[in-house]
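>>> this one's sequence-less:
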């Protein structure tokens, strides 16, 4: 009996141990299955990664474009990639100057007329796959060309009333387009505006003046960037012209015709007060005209003529031109008896020889000559810029002010 119970106990213990081993193995297998489900599929079963998108190249002007404006930049942009090499070649095989941009490249120089330009280069995507940069375009061949010049030379020093004049050698049909190509930059803030005065036989003309007289010492840079610009009517600009100049001291002539004297004010101080004779008041054709003139030029000797009043090629000395209507400040010994007492001239401002020479030596292009007291207004010929109000002046701009 005792032996039987012992054997039975051993059998029960063995069965319990076997059951424990079976349960533990089941947990392990279940745990392994659960781990496998949460970890996803095996590497052999994973889907392939998507391919990198190919670089997309855009050209402007588009491939095959014709009649392209040479002033507009040629641009290549790349999406989903980057440029590794690029060149824009002219018909002669020479490369066009340019610079990189955040998404590509742009030309920086004005192109030539009637020329085919070809792109060469390469773009790559993120995986390094190449896309060639290819294409071409052709610039316009103008029916007519137009040039311009600036009235103030490089490094000149001018007066505080000096206007900037851009004179074209033909008529400008699209004045707004031409004006967009004109720039004035100053070393001190200066409010000013372009105005288109009536066309002349020489062509169209654009004047720029400040709202008030220039500040002395101002440095001025002017550019007429017309190369490659369509100015209308089949006419295109031929070149870019520039000028850098300086505004000199402030010198203003006060010329009250009823005072019988001429006063010169420099930097706010009167430096000359001299006897003068102005145009004969009783003859409207001989009056010195009223308004703000500017010094236009000066010559030591000028031959003056007025056939209607019986004189031709009379030499006058120390002559400072203040209009193209025959008005000068100059020496005239024949009128010295009237200078300081009465007005007898044919429109000029007569001074003694010594006074005229002294003034002549100080005069600069653009110095204002403010004539007052005359019943005859200054004619609107050539430089009458300061005879217009600021509102009138702005109204002559081809662009909104």
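Sure thing, it's come through. These numbers were taken from a predicted model, which means no experiment stands behind them.

>>> Let me see the contact set for the residue nearest to residue 98 when sequence neighbours are not counted.
In space, and not counting its chain neighbours, residue 98 is closest to residue 107: 4.5 Å by CB to CB, 6 or more residues apart in numbering. Placement of C-beta: from N, CA and C, glycine included. Residue 107 sits next to 73, 74, 75, 88, 96, 97, 98 when contact means CB atoms under 8 Å, 6 or more residues apart in numbering.

>>> How about residue 82?
Neighbours of residue 82 in contact, by CB under 8 Å, 6+ apart: 55, 123, 124.

>>> can we see that at 10 Å?
Residue 82 sits next to 55, 100, 103, 104, 123, 124, 125, 126 when contact means CB atoms under 10 Å, 6 or more residues apart in numbering.

>>> Which of those residues sits closest to residue 295?
residue 100 (49.6 Å; CB to CB).

>>> host element of that closest one?
strand 98-101 (DSSP states H and E).

>>> tell me which residues in that strand are buried?
For strand 98-101, a neighbour-count test (16 or more other CB atoms under 10 Å) marks residue 98 as buried.

>>> Pull up the pairing partners for that strand, direction included.
strand 104-107 (antiparallel) (DSSP bridges).

>>> Just list what the helix or strand that the strand it pairs with is followed by packs against, helices and strands only.
Using DSSP H and E, the helix or strand that follows strand 104-107 in sequence is strand 116-124. Where contact means 3 or more CB pairs under 10 Å, 6 or more residues apart in numbering; DSSP states H and E, strand 116-124 is packed against strand 56-60, strand 75-79, strand 82-89, strand 104-107, strand 130-132, strand 135-138.

>>> what about these, which gets the closest to residue 205?
strand 104-107 (31.5 Å).

>>> What residues sit buried inside that closest one?
104, 105, 107.

>>> With stretch 179-186 instead?
Neighbour-count burial for stretch 179-186 flags 179, 181, 182, 186 (criterion: 16+ other CB under 10 Å).

>>> Repeat that for stretch 350-362.
350, 351, 352, 355, 356, 358, 359, 360.

>>> Isn't the third one up against residue 340?
Yes: shown here, residue 352 and residue 340 form a contact pair, counting by CB atoms under 10 Å, at 9.5 Å.

>>> Mutual contacts of those two, please.
With CB under 10 Å, 6+ apart, residue 352 and residue 340 have common neighbours 274, 275, 276.

>>> Return the set of residues that bridge with the first one.
Just to be clear, that refers to residue 274. Beta-bridge partners for residue 274, by DSSP bridges, are residue 262.

>>> still on that earlier bit, most surrounded residue in the shared contacts of residue 352 and residue 340?
For the shared contacts of residue 352 and residue 340, counting by other CB atoms under 10 Å, the largest number of neighbours falls to residue 276: 28 neighbours.

>>> Run through the residues that contact that residue.
For residue 276, the contact set (CB under 10 Å, 6+ apart) comprises 255-257, 259-263, 288, 329, 335, 338-340, 343, 345, 348-352, 355-356.

>>> Which members of those residues are positioned in helices?
Mapping the contacts of residue 276 onto helices (DSSP state H) picks out 355, 356.

>>> Name only those of the contacts of residue 276 that count as buried.
255-257, 259-263, 288, 329, 335, 338-339, 343, 345, 348-352, 355-356.

>>> quick one: contacts for residue 243?
Shown in contact with residue 243 (CB under 10 Å, 6+ apart): 149-156, 164, 166, 220-224.

>>> ok so, going back, among the helices and strands packed on strand 116-124, which is nearest residue 282?
Closest approach to residue 282 among the helices and strands packed on strand 116-124 (CB to CB): strand 104-107, 66.5 Å.

>>> shaky segments in the stretch 1-150 of the chain?
By pLDDT under 70, the weakly predicted segments of the stretch 1-150 of the chain are 1-52.

>>> And the stretch 251-400 of the chain, by the same measure?
Low-confidence segments of the stretch 251-400 of the chain (pLDDT under 70): none present.

>>> Can you show me the helices along it?
For the stretch 251-400 of the chain, the helices defined by DSSP state H, counting those that start in this stretch cover 353-360, 390-395.

>>> and the ones you listed as a markdown table, adding distance to residue 136?
Formatted as a markdown table, the helices of the stretch 251-400 of the chain follow (distance: least, CB to CB, whole Å):
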| stretch | distance to residue 136 |
| --- | --- |
| helix 353-360 | 61 |
| helix 390-395 | 45 |
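
>>> follow-up on the earlier one: and of the shared contacts of residue 352 and residue 340, the nearest to residue 208?
Of all the shared contacts of residue 352 and residue 340, residue 208 sits closest to residue 276, with 31.8 Å by CB to CB.
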